[in-house]
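*Asks:* Sharing a sequence plus its predicted fold:
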Amino acid sequence: MTIFHMKEYDCWLQGGFKAALKAELLANIHAEDGTDAAILKQAAAELREGLVRRFGIRSEGGNGVGGVFLGTAGWLTRIYGLSFPPLKPEGFHIGVSEDRVVIAGADAAGTLYGVFRFLSLLALGEIKAGDAVADAPVAAIRALNHWDNIEGTIERGYAGGSLFFKDGEVRYDAERLRDYARLLASVGINVVSLNNVNVRTSSKLITEPFLPRIAAIAGIFRPYGVRLLLSVTFSSPEVLGGLGTSDPLDARAAAWWRERAALVYHHIPDLRGFLVKADSEGEGGPFQYGRTHADGANMLAAAVKPFGGECVWRCFVYDCTQDWRNTAFDRARAAYDHFKPLDGQFAENVILQIKHGPYDFQVREPVSPLFGAMAKTRHTMEFQITQEYTGQQIDLCFLPWMWQDVMAYDTGYGATVSGLLGAQPVSARQDAARHPAAIEGLAAVANTGLDGNWTGHTLAQANLYGYGRLCWNPALGAEEIAREWCVLTFGPGQTARTVADILMKSYPAYQKNNAPFGVCFMVEPRHHYGPSIEGYEYSRWGTYHRAGREAVGLDRTGNGTGYSAQYPAAIAAVFDDPRLCPEDLLLFFHRLRYDFRMRNGKTLLQNIYDTHFEGYDEAEALLAKWQTLEPALPPAVYCSVRERLERQLLNAREWRDQVNTYFYRHTLIPDERGRKIYE
Ligand code: GCW
């Protein structure tokens with residue numbers, strides 16, 4: 001085996017590739033970089049830099065008729081008389097002939113994305129003379145949310161400290177941030193929020209001493225086509241303004257926000273807007289004043305509107321002070337119950353950000369019933385790349401494997417999630433009956449930090465890459481994403497194929513280890529790593545499985561909490577019938593006896609045992625497979641992943657034995673194959 005000397009820091013932008021196109025051709029660059037458009041300049045710089053660093057090809061500056069022609073389609077037409085088919089916003093066209101490569105962007109961002117795609121196709125060995133590629137992002141909003149605290153820590157962060165903050169200050173390594181902006185732009189991310197949605201001490205970022213520093217960060221991201229969002233606390237008029245109220249219908253609070261927005265936009269004129277977590281897990285919000293979330297969001301939206309800003313408002317609103325004795329309550333209902341009645345009441349520049357499932361980034365959840373239902377309100381879908389509930393970047397879990405199921409889910413409103421992502425956005429004034437409830441984009445909680453490889457677990461880089469690619473094209477399957485990422489990271493050849501195989505097997509293994517069949521939340525309270533079967537069973541967070549001697553799970557059908565009725569009737573009918581319900585969601589929707597027969601003819605209990613034995617065996621196989629790569633990898637990369645896979649195996653052992661023992665002790669029914677379960 002040959003070693004591809006990958007550098008963890010470079011992620012999917014590795015050097016060491018051979019270009020299949022002639023160096024003389026690639027070295028001769030004619031670019032639209034004499035303008036003052038920062039993004040276009042960057043596109044040209046990235047092409048030159050990328051060719052040197054990744055392929056060892058140094059450009060000499062454009063002369064003669066051949067070579068690479070890079071710029072917006074308009075410019076290429078004007079200067080060189082080239083013509084192009086119509087391009088979609090942020091899209092590009094790449095055309096290659098024997099003596100010419102043309103990279104034409106619909107606009108500046110499209111030009112930049114065209115460069116990154118060209119370099120990546122070159123590294124993948126997928127572009128040659130005669131090829132033409134036209135592409136554009138499907139989702140308009142492709143956002144990354146950092147949950148970084150101004151102290152330098154990261155809520156649910158597993159890859160070191162914050163890239164933006166330290167010791168109560170905006171503090172960063174500018175070189176590193178540029179590298180980060182490049183990484184994000186290379187997969188099409190165009191919005192980044194810097195600070196935690198649990199704002200706490202970072203509420204002061206929208207005050208004068210901090211704003212110039214934030215503006216400097218905005219300046220680093222700008223040439224890469226990335227605009228910033230800032231998380232703000234709804235209670236700012238009280239917390240920062242000393243007003244004594246933050247009531248959205250109080251003219252003083254609204255005026256305070258208008259003034260504040262003016263100050264913020266004075267420093268950062270192209271800020272995308274404010275991101276808000278309100279009335280959730282201790283954050284203030286409109287409920288405190290008896291107002292609706294439309295009142296709250298609209299007030300903030302009005303404040304940023306004169307500057308072209310937006311108010312991104314999270315729908316993660318639920319009561320976290322539940323009594324487990326109350327079996328009528330169902331937290332899963334919360335987002336729909338709160339927001340569906342408000343559809344149509346939000347201002348044009350409010351964007352709701354809805355978690356993909358009704359709970360909270362569990363290993364397996366149904367898609368939230370809000371998707372498809374909010375036809376008159378702009379909204380995005382929120383994912384979590386940071387692996388809070390999926391192994392915390394100690395365990396390997398390739399998330400696109402689950403995301404592809406979300407994308408393929410048929411909402412029952414005439415489109416899949418990926419179809420809604422491609423639909424025309426609606427405005428609040430349009431007729432809901434005639435317009436699909438377009439999902440305008442995706443947002444995801446970042447998994448990056450100051451660790452040398454950005455993501456703690458080197459293979460967790462694949463999740464960040466995969467998220468960007470999925471925003472760009474929601475129809476891309478996990479397998480395709482894994483293949484691309486592996487070649488771009490480990491070079492072409494067998495190593496990449498083996499790593500792709502490991503990635504693809506990691507999610508199913510993790511899901512088998514975890515809480516069975518969609519029951520959710522059998523995790524250690526607070527930190528959420530590892531099993532604790534009753535960790536949340538008697539707590540205030542509203543996340544129960546109610547396992548008894550004869551049955552387990554929550555009845556969320558019409559006979560139970562009625563959650564399933566939040567879906568269109570045809571979808572609800574499937575979820576309501578345990579014989580039709582997808583089996584990995586069986587216990588999310590149903591309370592079932594342990595002797596319930598699943599589709600493989602075995603009982604529910606036996607299936608719980610089987611999946612947990614398998615989950616462990618599969619974790620063991622992942623480690624064994626990785627060990628075959630030792631001769632093919634730089635030792636540091638090999639060892640850091642091996643060490644994590646070993647810890648994952650210990651974790652899988654805990655999951656297997658704790659889950660199986662728990663159910664055995666409740667039922668006293670042994671495993672039919674006589675495998676070891678503890679008394
Ligand atoms: O999953 C929960 C996390 C919290 C997080 C919250 C949210 C930022 O445990 O840490 O807070 O979700 O999404 O707001």
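*Replies:* Nice, I can see it. Numbers count the residues shown, from 1 in each chain.

*Asks:* Can you get me a residue count around the residue in the stretch 451-600 of the chain that the ligand sits nearest to?
*Replies:* In the stretch 451-600 of the chain, the residue that lies nearest the ligand is residue 528 (6.7 Å; C-beta to the nearest ligand atom). (Glycine included, C-beta is placed from N, CA and C.) Neighbours of residue 528 under the rule other C-beta atoms under 10 Å: 20.

*Asks:* contacting residues around residue 195?
*Replies:* By C-beta atoms under 8 Å, 6 or more residues apart in numbering, residue 195 lies in contact with 146, 148-150, 164-165, 202, 205, 230-231.

*Asks:* re the thing from before, part of a strand, is the residue of the stretch 451-600 of the chain closest to the ligand?
*Replies:* No - secondary structure of residue 528 (DSSP: H, G, I helix; E, B strand; the rest coil): coil, not part of a strand.

*Asks:* Look up how far residue 362 lies from it.
*Replies:* For residue 528, the distance to residue 362 (C-beta to C-beta, to the nearest Å) stands at 10 Å.

*Asks:* intersection of neighbour lists for these two?
*Replies:* Listed as contacting both residue 528 and residue 362 by C-beta under 8 Å, 6+ apart are residue 389.

*Asks:* before we move on, the earlier item: columns secondary structure and pLDDT on top of the contacts of residue 195, output as JSON lines?
*Replies:* Shown next, in JSON lines, are the contacts of residue 195 (DSSP: H, G, I helix; E, B strand; the rest coil; pLDDT from 0 to 100):
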{"residue": "146", "secondary structure": "strand", "pLDDT": "98"}
{"residue": "148", "secondary structure": "strand", "pLDDT": "98"}
{"residue": "149", "secondary structure": "coil", "pLDDT": "98"}
{"residue": "150", "secondary structure": "coil", "pLDDT": "98"}
{"residue": "164", "secondary structure": "coil", "pLDDT": "98"}
{"residue": "165", "secondary structure": "strand", "pLDDT": "98"}
{"residue": "202", "secondary structure": "helix", "pLDDT": "94"}
{"residue": "205", "secondary structure": "helix", "pLDDT": "98"}
{"residue": "230", "secondary structure": "strand", "pLDDT": "98"}
{"residue": "231", "secondary structure": "strand", "pLDDT": "98"}
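
*Asks:* ok, of the residues you listed, which come out buried?
*Replies:* Listed as buried from the contacts of residue 195 are 146, 148-150, 164-165, 202, 205, 230-231; burial here means 16 or more other C-beta atoms under 10 Å.

*Asks:* of all the residues you listed, which two lie farthest apart?
*Replies:* Maximum pairwise distance in those, criterion C-beta to C-beta, is 13.8 Å, between 149 and 230.

*Asks:* Could you find the closest non-adjacent residue to the most centrally placed residue in the chain?
*Replies:* Taking C-alpha atoms, centre = their mean, the centroid of the chain lies closest to residue 444, which sits 3.0 Å from it. Spatial nearest neighbour of residue 444, excluding adjacent residues (C-beta to C-beta, 6 or more residues apart in numbering): residue 383 at 4.1 Å.

*Asks:* Could I get the pLDDT score of the one you found?
*Replies:* Model confidence at residue 383, given as pLDDT, is 98.

*Asks:* any idea how far it lies from residue 644?
*Replies:* From residue 383 across to residue 644, the span is 22 Å (C-beta to C-beta).

*Asks:* Which parts of this protein belong to which domain?
*Replies:* Listed domain ranges for the chain are 8-135, 141-476, 513-554+591-667 (source: automatic domain parsing).
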